[in-house]
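In: When you get a sec, could you give me coordinates for this:
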Amino acid sequence: MTVGGALIFYAMAVGFAGPAGFRRAGWPLRAPRLGAAAVLAAAWSVPVALVLAGVTIALPASALSTDLGQLIGACLVRLRAAYGTPGGAGMVTAGQVLSVATTTRIAWAAGRLAHRRRTEGRRHRLLVRLAGHPRPDLPALVLDYPGAAAYSVAGRHPTVVVTSGAIDLLTKRQLGAVLAHENAHLLARHHRWQTAAALAAAALPIVPLLRETPARVGRLLEMDADELAADHHEPHVLASALVAVASPGGPATGSAPNRAASTLTLTPAGADTAARIHRLLRPPDQLPRRRQTITRAAVVALTVTPLVLAVAPALLALH
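Out: Model (predicted):
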């Protein structure tokens with residue numbers, strides 16, 4: 001029970017205090033990809049800790065063994081002792097319910113998310129096939145749509161889509177920087193990060209950190225794509241494209257219709273767009289190499305902490 005309680009405390013501390021910690025931290029803006037990894041590691045450590053908490057409450061720490069017979073025997077002894085003690089049966093049942101409920105919720109959210117992504121992807125591919133057309137001077141498909149939008153669609157045939165409104169609004173250099181930004185999303189496989197963030201939020205939306213994970217990760221991945229695009233295009237050019245779309249005199253800036261598994265970058269998002277523009281015009285100093293190493297170690301620690309808490313008593317018992 002002590003280990004299970006520690007894991008539950010860890011999950012609650014990270015899940016409810018995590019958002020404030022990330023809001024105060026300034027380093028993710030200096031290393032956005034590393035920051036996104038830290039957010040995902042912290043978010044996913046919460047459901048993992050809850051599952052392991054239920055397991056450790058229901059089973060004995062001494063059950064850890066490579067001998068299957070010893071493992072089963074230890075579990076039976078634990079269950080017999082629990083059910084023979086006042087309150088023990090309730091404790092074991094609570095642990096089982098916690099593990100099964102959390103695992104079931106994650107599986108349900110994964111199935112629902114996969115179905116929605118598959119349905120939206122099929123609809124979007126049909127839209128692009130019917131309404132999109134290539135242009136020899138652009139490495140993207142063009143949709144005839146008055147709003148200025150550009151986004152990437154991941155999948156078996158990754159594609160960058162740009163609307164005619166964006167082509168009419170932006171200069172050639174601005175459009176090239178925007179398309180480089182979208183290709184950066186595809187090359188860095190940011191869609192996988194976004195899927196992991198969306199699944200975390202759908203699994204346990206009641207937990208603030210998990211609920212805010214998609215927006216927080218999405219914001220950092222946009223900045224990461226900005227950095228990658230800036231390797232080949234001047235940052236102020238991409239910033240000027242965002243300013244052009246965000247200006248009141250620009251064309252309609254609604255989302256492109258029926259987009260799926262995409263990253264829309266030219267639809268202004270208030271403070272997020274302002275932060276990106278500011279960051280492009282005044283790039284922050286990169287994290288020192290030593291600080292990056294320490295931060296990577298912290299991300300790994302967040303990932304393995306629930307497992308270490310769960311198995312530590314068992315490892316001590318083996319010795």
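
In: Just the helices from the stretch 151-300 of the chain, written as ranges.
Out: Per DSSP state H, counting those that start in this stretch, the stretch 151-300 of the chain carries helices over the ranges 164-169, 172-187, 190-203, 208-230, 235-246, 271-281, 289-318.

In: residue contacts, the residue nearest the centre of the chain?
Out: Closest residue to the average C-alpha location of the chain: residue 197 at 2.7 Å, with Cα atoms, centre = their mean. Neighbouring residues of residue 197 by Cβ atoms under 8 Å, 6 or more residues apart in numbering: 39, 40, 43, 213, 214, 216, 217, 218. Every residue, glycine included, has its C-beta placed from N, CA and C.

In: what's the farthest-apart pair in these?
Out: Farthest-apart pair in these is 43 and 218; separation 13.1 Å (Cβ to Cβ).

In: picking that back up, give the ChimeraX command for selecting the buried subset of the contacts of residue 197.
Out: The following ChimeraX line selects those of the contacts of residue 197 that are buried, judged by 16 or more other Cβ atoms under 10 Å:
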select :39,40,43,213,214,216,217,218
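
In: Neighbours of residue 47, how many?
Out: 23 (other Cβ atoms under 10 Å).

In: remind me which residues of the protein are low pLDDT?
Out: Within the chain, the stretches with pLDDT under 70 are 1, 60-92, 247-271, 313-319.

In: So in it, which helix runs the longest?
Out: Longest helix in the chain by number of residues, with DSSP state H as the criterion: helix 88-131.

In: how far out from the middle of the chain is the helix or strand that it is followed by?
Out: Remark: after helix 88-131, the chain's next helix or strand is strand 132-135, criterion DSSP states H and E. Mean-position distance between strand 132-135 and its chain equals 31 Å (Cα atoms, centre = their mean, to the nearest Å).

In: Any idea how far the next helix or strand after strand 132-135 is from the middle of the chain?
Out: Going down the chain from strand 132-135, the next helix or strand is strand 138-143, by DSSP H and E. Distance of strand 138-143 from the chain centroid (Cα atoms, centre = their mean) equals 28 Å.

In: and what of stretch 12-26?
Out: Here stretch 12-26 is found 15 Å from its chain centre; the criterion is Cα atoms, centre = their mean.

In: Next, the buried residues of that stretch.
Out: For stretch 12-26, by 16+ other Cβ under 10 Å, it's 14, 15, 18, 19, 22.

In: got the contact list for the fourth one?
Out: Residue 19 makes contacts with 208, 209, 212, as judged by Cβ under 8 Å, 6+ apart.

In: Could you verify my assumption that the second one touches residue 16?
Out: Yes: contact status for residue 209 versus residue 16: in contact at 7.2 Å, counting by Cβ atoms under 8 Å.

In: Next, the contact list for the residue lying closest to residue 144 once chain neighbours are set aside, please.
Out: Nearest non-adjacent residue to residue 144, counting by Cβ to Cβ, 6 or more residues apart in numbering: residue 164, 5.0 Å away. Contacts for residue 164 (Cβ under 8 Å, 6+ apart) come out as 142, 143, 144, 145, 146.

In: And residue 279, how far from residue 239?
Out: 9 Å (Cβ to Cβ, to the nearest Å).

In: Would you mind telling me which of the two has the busier surroundings?
Out: A count of neighbours by other Cβ under 10 Å puts residue 239 above the other of residue 279 and residue 239, at 22 against 19.

In: circling back to that earlier point, how near is the residue nearest to residue 144 to residue 108?
Out: Taking Cβ to Cβ, one finds residue 164 at 40 Å from residue 108.

In: now do residue 185
Out: Residue 185 sits 28 Å away from residue 108, going by Cβ to Cβ.

In: What of residue 199?
Out: Distance from residue 199 to residue 108, by Cβ to Cβ: 11 Å.

In: So between these two, which is more surrounded?
Out: Applying other Cβ under 10 Å to residue 199 and residue 108 shows that residue 199 carries more neighbours, namely 21 against 12.

In: Which of the contacts of residue 164 has the largest number of neighbours?
Out: Counting neighbours by other Cβ under 10 Å, residue 143 leads the contacts of residue 164 with 23 neighbours.
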